[in-house]
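Visitor: Pasting the sequence and the predicted coordinates here, then a few questions.
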Number of protein chains: 2
Amino acid sequence: MPYFDVASAAPLHPVARQALLASLDEGWADPARLYREGRRARLLLDAAREAAAEAVGCRPDELVFTPSGTHAVHSAVAGALAGRRRVGGHLVVSAVEHSSVLHAAESHAAAGGSVSTVAVSRTGAVSAADWARALRPDTALACLQSANHEVGTVQPVAEVAEVCAAAGVPLLVDAAQSLPWEKVPEGWSLAAASAHKWGGPPGVGLLAVRKGVRFSPQGPADERESGRVPGFPNLPAVVAAAASLRAVRAEAQEEARRLRVLVDRLRRRVARLVPDVEVVGDPDRRLPHLVTFSCLYVDGETLLHELDRAGFSVSSGSSCTSSTLTPSHVLRAMGVLSEGNVRVSLPTGTTAAEVNAFLEVLPGVVAGVRERLGVPTEPVAEPVAETVEVDAVGLRCPQPVIELARAIGGVRVGGVVTVLSDDEVARLDIPAWCSLRGHAYLGEAPVPGSRAAAYRVRRTV
Amino acid sequence: MPYFDVASAAPLHPVARQALLASLDEGWADPARLYREGRRARLLLDAAREAAAEAVGCRPDELVFTPSGTHAVHSAVAGALAGRRRVGGHLVVSAVEHSSVLHAAESHAAAGGSVSTVAVSRTGAVSAADWARALRPDTALACLQSANHEVGTVQPVAEVAEVCAAAGVPLLVDAAQSLPWEKVPEGWSLAAASAHKWGGPPGVGLLAVRKGVRFSPQGPADERESGRVPGFPNLPAVVAAAASLRAVRAEAQEEARRLRVLVDRLRRRVARLVPDVEVVGDPDRRLPHLVTFSCLYVDGETLLHELDRAGFSVSSGSSCTSSTLTPSHVLRAMGVLSEGNVRVSLPTGTTAAEVNAFLEVLPGVVAGVRERLGVPTEPVAEPVAETVEVDAVGLRCPQPVIELARAIGGVRVGGVVTVLSDDEVARLDIPAWCSLRGHAYLGEAPVPGSRAAAYRVRRTV
């Protein structure tokens, strides 16, 4: 039963399991105590810190262990902003950061700070030029991920670090997705990561702060972890996290090469086997193990459910998935289709046979969902009208786009379909549909006395 | 090799180990995901929450899991204060709370809030009358531990809860030390605890907030744990924590009875076997497994080191221990002797033979330390002087008290010894010494042009 959602959480690495068991016996005591159990715990903690620091690319005394990657990011943002309070209260983030960074930014804004968001290209990458324009004399901190967690696009961290350094602005790199593969890219001032992304246990994050970076930990403090992470240290998990990071890294190069071939295959074959699909993210500058695509006329929740029934665990940034009513902020920032979105992230050790099995199942699953939703496969009417208005008010993703696809067959080439929709996602998915199908998106206009908007599309093919 | 510091951290309970291993296999995935691995994780999380809530004495939807007991306390204090910001910014805490509560209070004060500290008796307990006097119309929150972590004294939570309820002030009960033994005492509004105190793994705390208590989580938030604890949940550890809490509780009554007998024996025998010792804490209203005593003329660090060499792991609130230069705030608040302080906290399963072995070793260890420090056993001089001044400036605990003991033999009954000391601890330990030895403490006076104080003692026996 293949699990293809390692970007959410990886199953425990065998080395982590072994280290966890050993340190549950040896490392349960308080490492701050002077008796033998405490001294043993302290030795384990020191060794784990050294191993983790080497994997990050920093000195052991620059690194602390936090209760999660999210905690590391929150502490990093709060501590760095407070440390440079005199410089100003301006924070720069990319539009596609992990939610933990964006939540920290919201929290900063709510407390009176200002936040600038750097836009991304259609592949999900920022540009160093855009980044340089966002920096201001009062910028206290900038945050950029090493690679995107939803589409796998690798960010130009080195270039961005250069413009930050030139402006004297510290750069926090969220390395959660890339740390299993390599050190944090050069140029960072602060770095954060999360152990359960590399087969470590949950409950462990890393926060590294370069010597010389102004950092003022926020909230109540104690003497643990250089005063940066209060509370009893989660030692057995920390030891297991460090051990598995080292183990994963030992095979990272070879495994990356192997998985890159499988992901290449997925990118090619999905585009060929599934009609009306958009494979997103940078095709080259990307994580080795992750691919994301969106399927027109499909609702994400049903798609995930059907794939789960077929034995495949994947995730989705679709709006029509589970609890969330808005599409992933990443897909929105990229301006790509969000409906029927699927993220496949392969654990180390994934076989070609498992990927092939997924490719065998996927087209039928997508076709089945589309059939149930009544997606038009043939033109439903003679193309006679000059203009058609589709009232999709009250319908939710992917229905407005399905109604649009149904109506487009009824207008002549050059004619215009207007879709009235109050679904927030239509704003993203109707233009994305146009670009996929080669029609011209003419823009949107408010509908007086209504929360809906009118989206206009000219038939061009 | 007996480990007698379970109040710091308990070794992993066998049930916790088993539950941890099982949930590492079953519960590593993201419980928010819809695929089978996620659903399995969600089931485990729900079951753990139900078990923990039952042990606390609350509804499952009132309880969240945090990364540590410290984290639970910090979140509880910040969230409850923010939730009642309109009422005012006044916080009431006892003088003997755990450092996590006091750090949260310091943080509140640093942000402009006001804090009142309720004093304790010589046994370490607050009184409901004192508590009522501390409450004000602008009191937003009050914090009281269920039992003290250093001396074991049980607090009158029910009475304090009553005066808080009468004043409409929510009460946060830090139940870290008592939760392994029983539910949180009735009357609490918020409660916090820590799993590694009951043989659960580190990395898990509990925060319970009664329905109807105003609570506004602070800092960046996400959708995890009712929006109260951001970050990926530490699921295997949470499952193990809940399982071990249930297991520990099943045997709590019987084990409490058994350990109470051993601690009674320790209290009696230590007082008899070791000269110049003060057994502290309430002799009756106390935790079943914990006893603390202080030995005159002994430095805590050496004592701990010697006990460790003899095979016993205990902790100390002495100032002369490890990194800290001030005595435990608990001993100070109680006004009891801090030098040569030893806390013995027995893990479940401790045998009478282990306790007896400790009692056999202790007197010799204490005598050995005293001998090396040159403690006077006989009067060193004819008692001829009316007044003697001892210059102990620059000497550290326990030396000023040793110098005092040496000098007292040189003055006549009714005469006065003046000790000049710049050791902060002398302020606590010289009066404590007087009360132990039956001499009259006359008070202290500043020494002009010096950081030292002059402590005056009248010989009465």
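Guide: Looks like it came in fine.
Visitor: CA only for contacts and neighbour counts going forward, please
Guide: Will do.
Visitor: Can you tell me how far the residue nearest in space to the middle of chain A is from residue A:2?
Guide: With distances taken as C-alpha atoms, centre = their mean, residue A:149 lies nearest the centre of chain A, 2.5 Å away. The gap separating residue A:149 from residue A:2 is 20 Å, by C-alpha to C-alpha, to the nearest Å.
Visitor: on that earlier part again, for the residue nearest to the centre of chain A, give me its contacts.
Guide: Residue A:149 sits next to A:7, A:98, A:177 when contact means C-alpha atoms under 8 Å, 6 or more residues apart in numbering or on different chains.
Visitor: Then residue A:198?
Guide: Residue A:198 neighbours (C-alpha under 8 Å, 6+ apart): A:10, A:13, A:179-180, A:244-245, A:248.
Visitor: where does residue A:198 land on pLDDT?
Guide: At residue A:198, the pLDDT value in this model is 94.
Visitor: Chain B contacts on the stretch 301-450 of chain A?
Guide: A:304-305, A:308, A:313-315, A:322 (C-alpha under 8 Å from any C-alpha of the partner chain).
Visitor: show me where the stretch 301-450 of chain A has helices.
Guide: For the stretch 301-450 of chain A, the helices defined by DSSP state H, counting those that start in this stretch cover A:329-334, A:352-373, A:399-408, A:426-437.
Visitor: And the third one, what does it pack against?
Guide: So that's helix A:399-408. strand A:385-391, strand A:411-421, helix A:426-437 (3 or more C-alpha pairs under 8 Å, 6 or more residues apart in numbering or on different chains; DSSP states H and E).
Visitor: In the last one, which residues are buried?
Guide: Neighbour-count burial for helix A:426-437, counted by 16 or more other C-alpha atoms under 10 Å in any protein chain shown, picks out A:426-434.
Visitor: Let me have these in JSON lines, extended by pLDDT.
Guide: Shown next, in JSON lines, are these (pLDDT from 0 to 100):
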{"residue": "A:426", "pLDDT": "90"}
{"residue": "A:427", "pLDDT": "90"}
{"residue": "A:428", "pLDDT": "90"}
{"residue": "A:429", "pLDDT": "91"}
{"residue": "A:430", "pLDDT": "94"}
{"residue": "A:431", "pLDDT": "93"}
{"residue": "A:432", "pLDDT": "91"}
{"residue": "A:433", "pLDDT": "92"}
{"residue": "A:434", "pLDDT": "93"}
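Visitor: For residue A:214, state which of the residues you listed is nearest.
Guide: The nearest member of the buried residues of helix A:426-437 to residue A:214, counting by C-alpha to C-alpha, is residue A:428 at 40.0 Å.
Visitor: Surely the closest one is in contact with residue A:335?
Guide: Yes. At 6.4 Å, residue A:428 and residue A:335 qualify as touching, with contact defined as C-alpha atoms under 8 Å.
Visitor: quick revisit: so which strand or helix has the residue nearest to the centre of chain A?
Guide: Assigned by DSSP states H and E, residue A:149 belongs to no helix or strand.
Visitor: do you know how far it is from residue B:371?
Guide: 65 Å.
Visitor: about what we covered before: need phi/psi at the residue nearest to the centre of chain A.
Guide: Taking degrees, to the nearest 10, you get phi -80, psi -20 for the backbone angles of residue A:149.
Visitor: so what's it scoring on pLDDT?
Guide: Residue A:149 is given a pLDDT of 95.
Visitor: before we move on, back to that, in strands only, show me the contacts of residue A:149.
Guide: Using DSSP state E, no member of the contacts of residue A:149 falls in strands.
Visitor: Closest to residue A:264 out of those?
Guide: Closest to residue A:264, out of all of these and judged by C-alpha to C-alpha, is residue A:7, at 17.4 Å.
Visitor: so what's that closest one closest to, chain neighbours aside?
Guide: With C-alpha to C-alpha, 6 or more residues apart in numbering or on different chains as the criterion, residue A:7 has its nearest non-adjacent residue at 5.7 Å, and that residue is residue A:345.
Visitor: ok, that neighbour - contacts?
Guide: A:4-7, A:289-291, A:314.
Visitor: go with 10 Å
Guide: Residues in contact with residue A:345 (C-alpha atoms under 10 Å, 6 or more residues apart in numbering or on different chains) are A:3-10, A:149-152, A:259, A:263, A:287-292, A:313-315.
Visitor: just checking, which of the residues you listed belong to helices?
Guide: A:259, A:263 (DSSP state H).
Visitor: Tell me the residues of the stretch 101-250 of chain A that contact chain B?
Guide: Within the stretch 101-250 of chain A, the positions near chain B by C-alpha under 10 Å from any C-alpha of the partner chain are A:101-108, A:111, A:194, A:196, A:199-205, A:218-222, A:229-238.
Visitor: Thought residue A:338 was touching residue A:327, still the case?
Guide: Yes. At 6.2 Å, residue A:327 counts as touching residue A:338 under the criterion of C-alpha atoms under 10 Å.
Visitor: between the two, who's got more neighbours?
Guide: residue A:338 (36 against 23; other C-alpha atoms under 10 Å in any protein chain shown).
Visitor: Please list all residues in contact with the more buried one.
Guide: A:278, A:293-296, A:298-300, A:316-320, A:326-332, A:397-398, A:425-426, A:428-429, A:432-433.
Visitor: now do residue A:204
Guide: A:65-72, A:193-196, A:233-235, A:237-242, B:67, B:203, B:232, B:234.
Visitor: repeat that for 7 Å
Guide: A:65-69, A:194-195, A:237-238 (C-alpha atoms under 7 Å, 6 or more residues apart in numbering or on different chains).
Visitor: how close does residue A:49 get to residue A:241?
Guide: 10 Å.
Visitor: Tell me which of these two has more neighbours.
Guide: A count of neighbours by other C-alpha under 10 Å puts residue A:241 above the other of residue A:49 and residue A:241, at 35 against 23.
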